[in-house]
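Engineer: any chance you can model this:
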Amino acid sequence: MTMRHPFVMALCACLLSCSLAWAQAARQTASSQNNTDHTHQALPPEPLQRVLQSVVTVQSRSHAQANTSRTLGQRREGSGVVIGPDLVLTIGYLLLEAESVDLIDHQGRRIPGQVRAVDNLSGLGLIRALVPLRLESVPLGDSDSLPTPGKLWTLGQNETAPTALELVSRKFFAGGWEYLLEAPLMTMPAVNNWSGSGLFDDQGRLVGIGSLLVQDVYGDQVPLPGNLFVPVNLLKDPLPDLLRSGKRPGPGTPWLGITSQRLPSGGLAVLRVSPGSPAALAGIAVGDTLLALQGQTLQDLPDFYRRLRALGPAGSPLTLTVRSDGQSRDVDLLSTDRATALKRPSGI
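Structural biologist: Sure, this is the predicted structure:
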């Protein structure tokens, strides 16, 4: 009996493990099948052709010495969507400090373009084709009224069919480069052709522009990857001014030139300081820790950016408490408009 008892226990454990493994494999197979079926669901026929011919390749080149060439590269490529006569909407980081821009349509035609605007607040960018595109534009949808969860489709450069996605979250997103979106469009499953790609509703209307691959679409620390799309409604109000002057009306959004991330122990670690920025001029350096703004402790990136913007537009004074080499000090700064720290793209 004493000899058989361990054997019986081991046998039971083995059978239980096999049962669990089989169940997990079955769930994964079903999930994979569901994802495959979901991915290949097509847009209705009527808007499909318009969407297919509206997405173009965007190729840009910046000056080798441009500030953003160090982080984004001198040559950049992504997608864009035709939204008006000879007008293409894309993601702004493709166009920052761009000297030249080319568009390539679904037929392989290379069309010279010119940067019309880069909106640093939303992260979107506009390109004007210098010769007629002869492509049908897609209408802008209402990104604010989309249901969550809800079905959408994305299409990027060189893709022959849209991919079905699920809108799963509108959680805020804060990028360490002083970028904040309060209600982006978070989608699953993750796709790898996101940069400037179009996000469309079931009528073929454009509701978002692809920006990032994110590792946490729900914001609950569960690592579920997906994509962030910038809602097109952020573009609608400033669009006439962006087309006319290349910028939003009124003072710019305050910018300090600090790339940072939250520390588990508290504060924000400074990862990068842009040359010539307010932070650089004030002596803030990589390795410093931001502790407080106007004497109030900084909780995280969204807290930092919201409070910075609440202090006023670009040019407003502020005080950061900074720890360097174990010593804390107060640093007085004047924020600025990020556009003033960048070389204006050719065309604006």
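
Engineer: got the contact list for stretch 282-300?
Structural biologist: Contact partners of stretch 282-300, identified using Cβ atoms under 8 Å, 6 or more residues apart in numbering, comprise 174, 258, 260, 262-263, 266-273, 304, 307-308, 311, 318-324, 328, 331-333. Yep, even glycine has a C-beta here, placed from its N, CA and C like the rest.

Engineer: same deal with stretch 164-173?
Structural biologist: Stretch 164-173 is contacted from outside by 38-42, 146-154, 179-189, 191, 199, 212, 214, 217-219, 226-228, 302, using Cβ under 8 Å, 6+ apart.

Engineer: again, 7 Å this time
Structural biologist: Stretch 164-173 is contacted by residues 38-39, 41, 146, 148-154, 181-188, 217-219, 226, 228, 302 when judged by Cβ atoms under 7 Å, 6 or more residues apart in numbering.

Engineer: just the ones in strands from those residues, please.
Structural biologist: Cross-referencing these against strands under DSSP state E gives 150, 151, 152, 153, 154, 181, 185, 186, 187, 188, 226, 228.

Engineer: now the buried members of those residues.
Structural biologist: The neighbour count (16 or more other Cβ atoms under 10 Å) marks 152, 153, 154, 181, 185, 186, 187, 188, 226, 228 as buried among the ones in strands among the contacts of stretch 164-173.

Engineer: reformat the residues you listed into TSV and put pLDDT next to each item.
Structural biologist: Listed next are these as TSV, based on pLDDT from 0 to 100:
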residue	pLDDT
152	97
153	97
154	98
181	97
185	98
186	97
187	98
188	97
226	97
228	98
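
Engineer: tell me which two of the residues you listed sit farthest apart.
Structural biologist: Put simply, by Cβ to Cβ the two of those set farthest apart are 153 and 181, 21.1 Å from each other.

Engineer: mind listing what's buried along stretch 106-124?
Structural biologist: Across stretch 106-124, burial judged by 16+ other Cβ under 10 Å covers 106, 111, 113-124.

Engineer: from the residues you listed, which single one is nearest residue 242?
Structural biologist: residue 117 (3.9 Å).

Engineer: tell me the contacts of the nearest residue to the closest one once chain neighbours are set aside?
Structural biologist: Excluding the flanking residues, the one nearest residue 117 by Cβ to Cβ, 6 or more residues apart in numbering is residue 242, at 3.9 Å. Residue 242 makes contacts with 117, 119, 126, 248, as judged by Cβ under 7 Å, 6+ apart.

Engineer: against residue 111, how distant is the first one?
Structural biologist: Shown here: residue 117 relative to residue 111, a distance of 18 Å by Cβ to Cβ, to the nearest Å.

Engineer: strands - which of the contacts of stretch 282-300 land there?
Structural biologist: 174, 258, 260, 262, 268-273, 318-324, 328, 331-333.

Engineer: from those, list the buried ones, please.
Structural biologist: Buried members of the ones in strands among the contacts of stretch 282-300, scored by 16+ other Cβ under 10 Å, are 174, 258, 260, 262, 268-270, 272-273, 318, 320-323, 331, 333.

Engineer: show me where this structure has helices.
Structural biologist: 4-39, 45-54, 69-72, 233-236, 239-245, 278-281, 301-310 (DSSP state H).

Engineer: which residue ranges make up the domains of the chain?
Structural biologist: What automatic domain parsing lists as the domains of the chain is 51-129, 138-245, 254-340.

Engineer: any idea which of the ones you listed is most buried?
Structural biologist: Comparing those by mean neighbour count (mean count of other Cβ atoms under 10 Å), domain 51-129 comes out on top with a mean of 20.

Engineer: can you give me the end-to-end distance of that one?
Structural biologist: Domain 51-129 has an end-to-end distance of 18 Å (Cα to Cα, to the nearest Å).

Engineer: quick one: mean pLDDT over that domain.
Structural biologist: Average pLDDT, domain 51-129: 95.

Engineer: when you give positions from now on, start the count at 25
Structural biologist: Shifting the count to begin at 25 puts that one at domain 75-153.
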